[in-house]
Every structure is written in C-alpha cells, then in structure tokens.
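A.B. asks: Sequence first, predicted coordinates after that:
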Amino acid sequence: MTQSFLSPEQSARRIDVTSIENALVDLLVRAEESDLQELGMHKGRMQLVDEAEQTRILANLGRLTAEVELGGSAANALRAMALVGAEVSYSSCVARDTYGDSFSARLEQLSIRNRLAVVEGATGTCLVVVTPDGERTLNTHLGACRAYNRLFVPEQDIKNSKIFFTTGYVWDTPEQVDAIEHALAFAHANKVKIALDVADPFVVSRSKQRFTELFRSCVSLVFANAQEAEMLVGCTGEKAARTLGEQVEMAVVKDGASGAFVCHNGQTQHIPTRRVNVVDTTGAGDLFAGGFLLGLVRGKSIRTCGELATLLASDTVTHMGVRLTSGIELQARSLLL
C-alpha cells in the first residue's frame, strides 16, 4: 500500500509530533490478585481516584514496593519516538513538588521538548498494579493535570508539527476539555494531521459521542483496542477497522494476540503480533502508537509502521513498567532504512 498520509508540506515541518496529555508519575507494583481485593482495585480496569484515596492506598501497600517512572499515555508514546531521534514536544501540567521536578528532568533526559506548565497542588500519579499474568490495574489521580487550560497550549510547536497527537484521557475537567478542543481546532486550521488514541473503555463510555463528531470533522488517525472499538462501532478486528475507516482517513484497531488491523483510505492490512513472554502489559498500546507514528512521520509504508509498532510494544511487555531492551533502538532504526 502506498503511504501518503502526510503531504509534502507537512512532511517538511521541523517537529515530528506535538502532544498534549496528562503528565503522570507511574508507581509500579508487583502483586497477587488477592492484593487487588485488599487494595479495593478492580482487575484490568483504570479508575480515577481523588488525592485522599490515592494517598490511602499508597499508605497501605504494606510489603508491596513501588518503582517510580515517567508515565502518561502520550509521554510513553513520545519517549519511544525520541529514542530513535524523532523531534517531539510534550505539554501538560505538573506541580511544584518532587514528582513534578522528576517528570521535567526525565523529559530533558529523553530529549523531549518540555512544554510543561507548573502549577500549585500535587503532580498526578498512576498506581499500576501488575499481577502474575501480566495484566495491569490502574488507579489514577490526575492532580495538577486537571489545571491544564488553553493558555498552556503550545501553539507554535503545534503549527510546526507534522502530527498533533492526544488521547481520550484529557476529556476530563471543563478547562482541560476547553484546552484540548482549542488545540484540535488550531491544529486543524494549520493543516496539521491529528491523531487520537481513544485510550480506555472508561474514556469511551464518557466521550463516545464527542469522539464520533471529531472523527468526522478533524481527526485523521484513530487508535483503539478491541474493546474500545466494539464500544465505538459495535464490532472488532478487521471489521471494526473498516467501519472506523469510513469515518477517518486511517483507523488502527489493536486486537491482542490477533495482531492489529489498519484501514487507510478504504484499504485494510493485517499487522501480525510477535510472540513474547509477557511480564507487564503497561504501556504496550502507548508504545504501539509511538512506533506507528514514528513510521508515519518518516514516510514509511503501513507495513513498516506496523512492524515498528509491534517491535516496540512486544518488547516493553517483557519488562516491568514502560521500558525497552538495550539495543532495541538499533532494531527500530534498521526498519527505518
């Protein structure tokens, strides 16, 4: 399939991808399923909690210990792109606290353009509990992220980008919604391609109608997993990709062990998965999106975009947390030759 997702003018822009999303610090914990019950968490689900509830749970981890890492869906995707030299920009809100300082320093370390706004309050955290089967369960406290408003939107970076990428997680507070809607309108007006990862079934349940409107008005690329796709269009797999592809230029439906299905301008391709030993599925979808976007901004075929996506996604699930194997950069670069 010929790749023509970006126009020559878009391909010439300096920044590959600019993203707005929720800046979260991941707190990664290995636990048994019985621990989930004791913590009051529901396996495989993401739920929003307030600061008091997050503090209560963290104080009751007992023998469980947490590893700390930069998190947030879009930040995970961008770090995968930055690994192989992509020029990427990230905007969100953090607080004037230790977690906020750590998040900012990590962006600098990863060579991601830092467009964070610093506000009062507490930096957002995501407690990620991973059970022996590799499934992850999340409690998210958005914290300072919820203070994001249109004044913080990095318009110049968006204007100079090939793709503007965000996820459904930012459709939360009125100010966040106003900011992301402004950013989408600005990107569309400046002929920047818009990519949206719907992110979570919880998000779809809240914003399905708005997402459908955006698919038809300004979103060019949508990512969804099987459950999210079924909630959006009533089917899964290749049929879901084709159905979503009637609403957007390109639809990517991730269908677990069955691989992924990509529909671009009415033509569908299957991207097979890689067989690996799964340790932790945290961030797999994020790394898939990052790899796929990387291929797009480098003008590669759908097949190569899919290979990059599955390479990064299948590698990160073999680690605890969103991490990549040493040397994966060389494998990714070889696919871009």
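C.D. replies: The structure has been received and is ready for your questions. On a predicted model such as this, the values are computed, not experimentally measured, just so you know.

A.B. asks: Please make it C-alpha for all contacts and neighbour counts, starting now.
C.D. replies: Will do.

A.B. asks: For Leu61, which non-adjacent residue is closest in space?
C.D. replies: Leaving aside its chain neighbours, Leu61 sits nearest to Leu39 (7.8 Å; criterion: C-alpha to C-alpha, 6 or more residues apart in numbering).

A.B. asks: now the one you found: how far from His182?
C.D. replies: Distance of Leu39 to His182, computed by C-alpha to C-alpha, to the nearest Å: 38 Å.

A.B. asks: go on, Val248?
C.D. replies: Distance of Val248 to His182, computed by C-alpha to C-alpha: 20 Å.

A.B. asks: neighbour-wise, which of those two wins?
C.D. replies: Val248 (23 against 17; other C-alpha atoms under 10 Å).

A.B. asks: Tell me who's in contact with the more buried one.
C.D. replies: By C-alpha atoms under 8 Å, 6 or more residues apart in numbering, the contact set of Val248 is 215-216, 219-222.

A.B. asks: among the helices and strands of this protein, which has the poorest mean pLDDT?
C.D. replies: The helix or strand of the chain with the poorest confidence is strand 67-71; it has a mean of 82 (mean pLDDT, DSSP states H and E).

A.B. asks: Would you pull up how far that one lies from the middle of the chain?
C.D. replies: In terms of C-alpha atoms, centre = their mean, to the nearest Å, the centre of strand 67-71 is set 15 Å apart from its chain centre.

A.B. asks: What is it packed up against?
C.D. replies: strand 24-30, helix 98-109 (3 or more C-alpha pairs under 8 Å, 6 or more residues apart in numbering; DSSP states H and E).

A.B. asks: which of the ones you listed is buried the deepest?
C.D. replies: strand 24-30 (a mean of 23; mean count of other C-alpha atoms under 10 Å).

A.B. asks: what does the helix or strand following it rub up against?
C.D. replies: Per DSSP states H and E, the first helix or strand lying C-terminal to strand 24-30 is helix 33-39. With contact meaning C-alpha under 8 Å, 6+ apart, helix 33-39 is reached by 42-43, 57, 60-61, 129, 131.

A.B. asks: Return the set of buried residues in helix 33-39.
C.D. replies: The neighbour-count check on helix 33-39 (16 or more other C-alpha atoms under 10 Å) flags 33, 36 as buried.

A.B. asks: ok, how many other residues are close to Thr55?
C.D. replies: Residues near Thr55, counting by other C-alpha under 10 Å: 12.

A.B. asks: before we move on, what about Leu70?
C.D. replies: Neighbour tally, Leu70, other C-alpha under 10 Å: 24.

A.B. asks: Now do the same contact list for the nearest residue to Arg298 once chain neighbours are set aside.
C.D. replies: Excluding the flanking residues, the one nearest Arg298 by C-alpha to C-alpha, 6+ apart is Leu336, at 7.4 Å. By C-alpha under 8 Å, 6+ apart, Leu336 lies in contact with 295, 298, 300, 304.

A.B. asks: Which of those residues fall in strands?
C.D. replies: Per DSSP state E, strands hold no members of the contacts of Leu336.

A.B. asks: Return the member of those residues nearest to Asp157.
C.D. replies: Set against Asp157, the nearest of these by C-alpha to C-alpha is Arg298 (18.3 Å).

A.B. asks: Looking at the closest one now. What's its pLDDT?
C.D. replies: Each residue has a pLDDT score; the one for Arg298 is 96.

A.B. asks: What is the neighbour count of it?
C.D. replies: Neighbours around Arg298, by other C-alpha under 10 Å: 15.

A.B. asks: Then Ala95?
C.D. replies: When neighbours are defined as other C-alpha under 10 Å, Ala95 has 22 of them.

A.B. asks: close enough to count as contact, it and Ala144?
C.D. replies: Yes: if you go by C-alpha atoms under 8 Å, Ala95 and Ala144 touch, sitting 5.8 Å apart.

A.B. asks: Now do the shared contacts for the two.
C.D. replies: Here Ala95 and Ala144 have 119-123 as joint contacts, going by C-alpha under 8 Å, 6+ apart.

A.B. asks: Would you convert the residues you listed into CSV that also reports secondary structure, neighbour count and pLDDT?
C.D. replies: Shown next, in CSV, are those (DSSP: H, G, I helix; E, B strand; the rest coil; neighbours: other C-alpha atoms under 10 Å; pLDDT from 0 to 100):
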residue, secondary structure, neighbour count, pLDDT
Val119, strand, 17, 97
Glu120, coil, 13, 95
Gly121, coil, 14, 94
Ala122, coil, 20, 93
Thr123, coil, 27, 95
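
A.B. asks: what's the closest of those to Glu175?
C.D. replies: The shortest approach to Glu175 among these belongs to Val119, at 14.0 Å (C-alpha to C-alpha).

A.B. asks: for the stretch 51-200 of the chain, what spans make up the strands?
C.D. replies: 67-71, 88-91, 93-95, 113-114, 117-119, 124-130, 136-141, 161-167, 193-197 (DSSP state E, counting those that start in this stretch).
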